[in-house]
Structure formats: C-alpha cells, structure tokens
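>>> fold the following, please.
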Amino acid sequence: MGTVAVTAFASMDGVVQAPGGPGEDESGGFALGGWLVPYVDDEMGRIVSERFARADAFLLGRKTYEIFAGYWPAVTDPDDPVASRLNTLPKYVPSTTLRTADWTGTTVLEGDIADEVAELKRRHAREIQVHGSGHLIQSLREHELVDLYHVWTYPVVLGTGKRLFPEGCASSALELVDTQTTSTGVVVSTYRPAGKVETGTFL
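Predicted structure coming up:
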C-alpha cells in the first residue's frame, strides 16, 4: 500500500506561494517569488535527494504540473536527483480543465478524487509524492488521504501569499515523527495525521 506524502516549502507565517523563483506564481499580486533561494545549502540538497529517492509516483495539482512540465523535461542530466525521478516516474494530475499533458508518464485523473487516489495507493508501494499543489492538498486532507507531511519551514515572514493551511481548511491534529535543521536555519519536519483536534483547559 502506497503512502501519500505532501512536501511543502513554507515561510514562518505559512506561505507556500512561489518559493522557487520570480514569476513562478504571481497570482494575487504576489511579488516575493524565489524567497527560499537564499537559504539553499548542501544539507538541503542532501535531504531533497533522499526524499525524491523514496518516490514511486507524483500526484500534482494542475498549476503545479504546468509549472513543472515547463521546466523539468529540459533537465536531462540522469544524475540529477529531482529531474531523474520526475521525468521517469508516473505523474497523476486530478483535473477537469487540463487540456495538454505531453510530459512523458502523465495521466490525467478525471474521476472522483477519493476513489482515484485510493486506487493509486493500491497500485504503488512507496511514496506518492505531492509537491506544491495547494488546492489539491486541501482536497486530499478533506478526504483524509494524506499519510505524511514533509514541511520545510524557512526563517522568513512574508506577510502575504497562499498558505499551506488557509483560513477555513479542515482541522486536524498532527504527530511529529522526525525533524532536521539545515545550516541556514530551515527546519525540516515530518508529521503524520493524528486524528481530530483535542482541546483542554488549565483550570
């Protein structure tokens, strides 16, 4: 049985929009694209390589798929730990609006997301990785389909932009299962769902 694993690069205030570069996603007037780049170090590269090596397939939202498809197919180095996986492993895109999916290994999922992802988990033995894809992550959470969250928290406050857990999203408790820190202060934590939120009182 496969594992749906979400990876998110987030600021201290939870923003996940356009971490990789200017122009990546300027929707809503977001002008801070590329905010994670100053924090890249060798440790980040090592962790990224190790995480991508766990992938059996990728599950991507339409916008993230289009961003990735416009870049990664041109990276042909077989030793690149990211490109070598993205370009060769199956990619699934839940969408009713995606018209072109020419990237090798892409399948567009047009059925019920809960049924489609449940089938993917039966079909794949290891991680089905979700990168970016904010709207898709919320749909997966609502159907309790996320098994792991790999959250990279960067020491920066952006003040604006799309957030990993936006106002009004489904509530849930999480259990920390692993954490690492890079030389630039990025905290890389892995969580798994832990049921409903519990409340209490000090009185």
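>>> nearest the middle, which residue of the protein would you pick?
residue 131 (2.5 Å; C-alpha atoms, centre = their mean).
>>> any idea how far that residue is from residue 5?
Using C-beta to C-beta, to the nearest Å, residue 131 is found at 10 Å from residue 5. Quick note: C-beta positions are derived from backbone N, CA and C, even for glycine.
>>> surely residue 148 touches residue 190?
Yes - counting by C-beta atoms under 8 Å, residue 148 does reach residue 190; the two are 6.1 Å apart.
>>> got any residues that touch both of those two?
Shared contacts of residue 148 and residue 190 (C-beta atoms under 8 Å, 6 or more residues apart in numbering): residue 177.
>>> so what's the model's average confidence on stretch 166-178?
What stretch 166-178 shows for mean pLDDT is 94.
>>> which residues are contacting it?
Applying C-beta under 8 Å, 6+ apart, the external contacts of stretch 166-178 come out as 134, 138, 141-142, 148-149, 189-198.
>>> is residue 107 bridged to anything, and to what?
Residue 107 forms beta bridges with residue 92, as assigned by DSSP bridges.
>>> pLDDT wise, what is it at?
For residue 107, the predicted pLDDT is 95.
>>> what's the separation between it and residue 91?
Distance from residue 107 to residue 91, by C-beta to C-beta: 7 Å.
>>> what of residue 166?
For residue 166, the distance to residue 91 equals 25 Å [C-beta to C-beta].
>>> these two - which one has more neighbours?
When neighbours are counted by other C-beta atoms under 10 Å, residue 166 and residue 91 differ, and residue 91 comes out ahead with 22 against 12.
>>> ok, now which ones touch that one?
Counting by C-beta under 8 Å, 6+ apart, residue 91 makes contact with 57-60, 65, 103, 105-107.
>>> I'd like the residues you listed laid out as a markdown table, including distance to residue 24 and secondary structure.
Formatted as a markdown table, these follow (distance: C-beta to C-beta, whole Å; DSSP: H, G, I helix; E, B strand; the rest coil):
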| residue | distance to residue 24 | secondary structure |
| --- | --- | --- |
| 57 | 23 | strand |
| 58 | 18 | strand |
| 59 | 20 | strand |
| 60 | 14 | coil |
| 65 | 13 | helix |
| 103 | 17 | coil |
| 105 | 23 | coil |
| 106 | 20 | strand |
| 107 | 24 | strand |
